[in-house]
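Student: next one to model:
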Amino acid sequence: MDEATHPYARESSPADDVVDELMPPDLEWQGMVRRYPKTALALATIGGYMLGSHRGREIIESFANFAADSVSEQVNSLLGKDVI
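Tutor: Modelled structure (predicted):
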């Protein structure tokens, strides 16, 4: 059964696109996650912990800046001019 006819097939998300860029092109990671969900969850947890413990402050600052920019853009769009 190919990806398009799979009963749980869905559109690609931005997160899928990022993972696709990071993984080797011949690695079918989505199928591996479906076959080994507990292992995938454990690896994601360990990776997230390691990334957060080494780069947590930078990640939080980036998300905060992104959120502030998004809110400012939405407010300015709603008001029709650059207010914020």
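Student: now tell me which helix or strand of this structure has the poorest mean pLDDT.
Tutor: In the chain, no helix or strand scores lower on mean pLDDT, DSSP states H and E than helix 14-22, which sits at a mean of 79.
Student: tell me what that helix is packed against?
Tutor: Using 3 or more CB pairs under 8 Å, 6 or more residues apart in numbering; DSSP states H and E, the elements in contact with helix 14-22 are helix 29-35. In short, each C-beta sits where N, CA and C put it, glycine included.
Student: how far is the helix or strand following the helix it packs on from where the chain is centred?
Tutor: Following helix 29-35 in sequence order, the next helix or strand is helix 37-79 (DSSP states H and E). Here helix 37-79 is found 9 Å from its chain centre; the criterion is CA atoms, centre = their mean, to the nearest Å.
Student: who are the packing partners of helix 37-79?
Tutor: Here helix 37-79 touches no other helix or strand, going by 3+ CB pairs under 8 Å, 6+ apart.
Student: rerun that using 10 Å as the cut-off
Tutor: Identification of packing neighbours for helix 37-79 by 3 or more CB pairs under 10 Å, 6 or more residues apart in numbering; DSSP states H and E yields helix 29-35.
Student: could you list the buried residues of the helix it packs on?
Tutor: By neighbour count on 16 or more other CB atoms under 10 Å, the buried set for helix 29-35 is Gln30.
Student: let me see the mean pLDDT of that helix.
Tutor: The pLDDT scores in helix 29-35 average 88.
Student: ditto for stretch 64-72
Tutor: The average pLDDT within stretch 64-72 is 90.
Student: same check, this time on stretch 40-57
Tutor: pLDDT averaged over stretch 40-57 gives 90.
Student: one step back: residues in contact with the least confident helix or strand of the chain: which ones?
Tutor: Arg10, Ser12, Ser13, Leu27, Trp29, Gln30, Val33 (CB atoms under 10 Å, 6 or more residues apart in numbering).
Student: ramachandran angles for the fourth one?
Tutor: Dihedral angles phi and psi of Leu27 (degrees, to the nearest 10) take the values phi -90, psi 120.
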